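Q: fold the following, please.
(chains A and B)
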There are 2 protein chains.
Amino acid sequence: MRIYDIIIKKRDGHELTSEEIGYFISAYTSGEVPDYQAASLLMAIFFQGMNHKETALLTQFMTDSGKKLDLGSLPGIKVDKHSTGGVGDGISLVLAPLVAACGVIVPMMSGRGLGHTGGTLDKLASIPNFRVELSNAEMLECLNKINVVMIGQSPELAPADRKLYALRDVTGTVESIPLIAASILSKKFAEGADALVLDIKTGNGAFMRDKKNAVKLGRTMIELGKRQRKRVVALVTDMNQPLGEMIGNSLEIEQAVTILQGKENPRTKSFIELTEKLGGLMLYLGGKAASPNAGQKLIAQARADKLGLETFRALVKMQGGDPRVCDAPQEVLPQAKYKESLVSPWKGWIMEMSALSAGKAALLLGAGRSTKESAIDLSAGIRLHKQVGDRVERGELIADFFSSTVAEFTYASAAFSAGLKIGKVRPRPRPLILDVLK
Amino acid sequence: MRIYDIIIKKRDGHELTSEEIGYFISAYTSGEVPDYQAASLLMAIFFQGMNHKETALLTQFMTDSGKKLDLGSLPGIKVDKHSTGGVGDGISLVLAPLVAACGVIVPMMSGRGLGHTGGTLDKLASIPNFRVELSNAEMLECLNKINVVMIGQSPELAPADRKLYALRDVTGTVESIPLIAASILSKKFAEGADALVLDIKTGNGAFMRDKKNAVKLGRTMIELGKRQRKRVVALVTDMNQPLGEMIGNSLEIEQAVTILQGKENPRTKSFIELTEKLGGLMLYLGGKAASPNAGQKLIAQARADKLGLETFRALVKMQGGDPRVCDAPQEVLPQAKYKESLVSPWKGWIMEMSALSAGKAALLLGAGRSTKESAIDLSAGIRLHKQVGDRVERGELIADFFSSTVAEFTYASAAFSAGLKIGKVRPRPRPLILDVLK
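A: Below you'll find the model as predicted:
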């Protein structure tokens, strides 16, 4: 079998066989197929696509390319959640403890942030001494005792994906639905999840800008799940404005704690709504609720009863962090040296607050990585005082910017303001949850 | 400037600027841009194409990527010919001496054969001691004295093309009209030709199987020539059956000598016709004939007067070969150890004689290279006794196979026969020259 023939076959629009896809994954992972041939095949896949059968095979060979976690010793259905990434999307921090508190096992493996979207791992790393790398034994102990663990992806899981993702990232082949679907699911299948709830973001702050493609990605992953006998449900949610009140690593931990403490405000309302929706689905898939709606109510109750807060406290403790973060987050988490506020230049309604612009502003403040090697300022970020649809007076506070270098405020506020539209007409309310795919 | 942005821009169907194309060529040639990013850009170009402006810029940057030959010291218009490659296409061996004998300077640089198509360099190498690598001084001396030189491409000319071609060859990105056009013309512009006659082969034995694409390639190259103020004329010619009587290296030299001696037979008739057509155009572009037709007559006369033969004799001598090849080619050229004949299994007309099948058979006999590193059996090949349209009786000779290993005859005759159709109906004559593009 020659990789050259496989490239030509896909380039010319033909379906690849199981043998061809298997050969590509194993020979690329082993280094037998060089990067330049893999890159041209990926670009051919970008243009010609892959049908469900090919994508399922690709996912399976990627799943099988490394070790797989065996969670069979744990009773019950293991359910994970994956978001395709957005600005202010710290949902997992609240969701995982709540779902675990309701009795479903959540083996959550997350990634680091890149570009204008944050990563759950970076947020957790802002809790002093929190360890995102655990041994297998430690991980199983967490899952046994508190039903949840939040760790980084082991390099031994789905190594084909790790290598392919790095190549796609530099060769312009990220935005391909079969490649995205196989990348996400190969990791989730390798980590031992039985069911999966997906939050597919769409809008200017997401990498799927177009809703149609987001739906297509969701449907593809549901189909792939079926073929592996794993239940997959996907929400398609809006990412045209930041989610919640906070953007930044320690800021989003602070927000998560506040929400787990049972508090809420107008800016965190839709964040909580989405958490409950996702949590309800996870409890339903995990067999702990008779319907997604019933699950949603259990999640809301667990939050009101502070059960999620206690699970999060236990998780922080078991993973080496300071559990006082659950009582006085600002005392435990790194705090920014400088704060600058952005006020409204005139009165009106907030018509637009671009998630992309807000994400770029947070990146400029130091909250994210421009390249894989960049260091992060964990305390940097943005607290929003307004969101789309809010009335604002001249001089009224719109956002606070936090950074450890005062020099960045000018660029960050310019980037943020570029995505801000204040108008004379009250905008129509826009839904956060656009579609539920089953 | 980042290659990543250039990949995305082309992938998404936008026109690249001069700066972007220039950056790609210089950074790839210098090694700053790695193969895997170049490969994904090439595949994006394969799918999205390039307009004439982009292709002209690509050609120019590739031409300028290395040294350029300065033929300014030689008087008159320098004219070259390029064929996209076929089976039995030894036209250059006859054409270059004839055109030179008629007073036009022909600085001919050729390549080696790969796959089922032969290369002029390999054919010349079958003349004992013939040197295809000359110093600049030797080359200029040849051009000065006899108007012609036939050499290999210097690695210093258009190094970007050399590197890109090697990458395209292994990444499935050869069959792209802008990339093919830029590759051919960058070399021809760097070698100092003022005008160019192209022979674009189409059919099962050519890499442009489809006539429409062959015409498109021709029109692209004519347009690129205009933008560089170089006159380019293109013939589109049939490559569904082998050209001429001989396929193989020393066999095609023998055929060339025979034709230059003024001889012809039914199998070499269309070979000679095409030579005269191409030569007429070259004389016209070189200012030595008032029209292509007038040029054609001059070429025919030069052949009748054996002026081409004398020029070829001088060329062989100046380039170190044995000039007796012009008198007794079989005594000078390597001769195959074994000969096997293929006869017709029944009577009828030759309906098809596939160039691809004949080329593959010649490859099996040892006449070509399967990979770049393969050695060639210079004496191996095929002599055709029939061609499409000929009447054949049962048991009548169709072809002789020559090889130094008798074991190959079975495979070779099977490959050849797979492309042979003998029918009961006389096929309509098919023209060799399908189109003339100016």
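
Q: contacts, neighbours, all on C-alpha from now
A: Will do.

Q: what residues does the stretch 101-250 of chain A have near chain B?
A: Contact residues (CA under 8 Å from any CA of the partner chain) of the stretch 101-250 of chain A with chain B: A:170-172.

Q: show me where the stretch 51-200 of chain A has its helices.
A: Remark: helices assigned in the stretch 51-200 of chain A by DSSP state H, counting those that start in this stretch are A:52-63, A:91-101, A:120-125, A:136-146, A:159-171, A:177-190.

Q: ends of stretch A:400-408, what's the gap?
A: 13 Å (CA to CA, to the nearest Å).

Q: what does it contact?
A: A:336-342, A:364-366, A:377, A:379-385, A:409 (CA atoms under 8 Å, 6 or more residues apart in numbering or on different chains).

Q: 10 Å instead?
A: The contact list for stretch A:400-408 (CA atoms under 10 Å, 6 or more residues apart in numbering or on different chains) reads A:246-248, A:251, A:335-343, A:361-367, A:377-385, A:409, A:412-413.

Q: top of the residues of the stretch 101-250 of chain A next to chain B by neighbour count?
A: A:Gly172 (27 neighbours; other CA atoms under 10 Å in any protein chain shown).

Q: chain neighbours aside, what residue packs nearest to that one?
A: Ranked by CA to CA, 6 or more residues apart in numbering or on different chains and with sequence neighbours excluded, the top spatial neighbour of A:Gly172 is B:Ile8, at 5.5 Å.

Q: and the strand or helix carrying that neighbour, what does it pack against?
A: Using DSSP states H and E, the element containing B:Ile8 is helix B:3-11. Using 3 or more CA pairs under 10 Å, 6 or more residues apart in numbering or on different chains; DSSP states H and E, the elements in contact with helix B:3-11 are helix A:35-48, helix A:159-171, helix B:18-30, helix B:35-48.

Q: the residue of the stretch 201-350 of chain A found nearest chain B: which element?
A: Using CA to the nearest CA, A:Phe207 is the residue of the stretch 201-350 of chain A that sits closest to chain B, at 13.8 Å. Using DSSP H and E, A:Phe207 sits within no helix or strand.

Q: next up, phi/psi of it, please.
A: In terms of degrees, to the nearest 10, the main-chain angles of A:Phe207 are phi -80, psi -20.

Q: give the contact list for A:Leu342.
A: Here A:Leu342 is in contact with A:384-385, A:395-401, A:409, A:413, A:416-417 (CA under 10 Å, 6+ apart).

Q: just the buried members of those residues?
A: Taking 16 or more other CA atoms under 10 Å in any protein chain shown as the criterion, what is buried in the contacts of A:Leu342 is A:384-385, A:396-401, A:409, A:413, A:416-417.

Q: just the ones in helices from these, please.
A: In helices, judged by DSSP state H, the following of the buried ones among the contacts of A:Leu342 are found: A:409, A:413, A:416-417.

Q: could you tell me the least trusted of the helices and strands packed on helix B:3-11?
A: Set side by side, the helices and strands packed on helix B:3-11 give their lowest mean pLDDT on helix A:159-171, at a mean of 92.

Q: same for that one, what does it pack against?
A: Counting contacts by 3+ CA pairs under 10 Å, 6+ apart, helix A:159-171 is packed against helix A:18-30, helix A:35-48, helix A:52-63, helix A:177-190, helix B:3-11, helix B:35-48.

Q: could the C-alpha coordinates of that helix be exported in CSV?
A: Taking C-alpha atoms only, helix A:159-171 is exported to CSV below (Å, rounded to 0.1, in the frame of the first residue of the first chain):
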residue,chain,number,x,y,z
PRO,A,159,-1.3,9.8,19.7
ALA,A,160,-2.4,9.9,16.1
ASP,A,161,-4.7,12.8,16.9
ARG,A,162,-1.9,14.6,18.7
LYS,A,163,0.4,14.4,15.7
LEU,A,164,-2.3,15.1,13.2
TYR,A,165,-3.7,18.0,15.1
ALA,A,166,-0.3,19.7,15.3
LEU,A,167,0.1,19.3,11.5
ARG,A,168,-3.4,20.5,10.8
ASP,A,169,-2.8,23.6,12.9
VAL,A,170,0.1,24.8,10.7
THR,A,171,-1.2,23.6,7.3
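
Q: in that helix, what counts as buried?
A: So, applying 16+ other CA under 10 Å, buried residues of helix A:159-171: A:159-162, A:164-165, A:167-168, A:170-171.

Q: closest one to B:Ala314 out of these, please.
A: B:Ala314 has its nearest neighbour among the buried residues of helix A:159-171 in A:Thr171, at 52.7 Å by CA to CA.

Q: could you measure A:Leu74 against A:Glu141, distance?
A: 10 Å.

Q: actually, A:Val257.
A: According to CA to CA, A:Val257 and A:Glu141 sit 23 Å apart.

Q: which one of these two has more residues nearby?
A: A:Val257 (23 against 15).

Q: for the residue of the stretch 201-350 of chain A closest to chain B, give me its contacts.
A: Neighbours of A:Phe207 in contact, by CA under 10 Å, 6+ apart: A:84-86, A:117, A:174-175, A:200-201, A:214, A:239, A:356.

Q: returning to that earlier point: format the ones in helices among the buried ones among the contacts of A:Leu342 as CSV; extra columns: pLDDT and distance to B:Leu185.
A: Compiled in CSV, these are given as follows (pLDDT from 0 to 100; distance: CA to CA, whole Å):
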residue, pLDDT, distance to B:Leu185
A:Phe409, 88, 53
A:Ser413, 93, 51
A:Phe416, 96, 49
A:Ser417, 95, 50
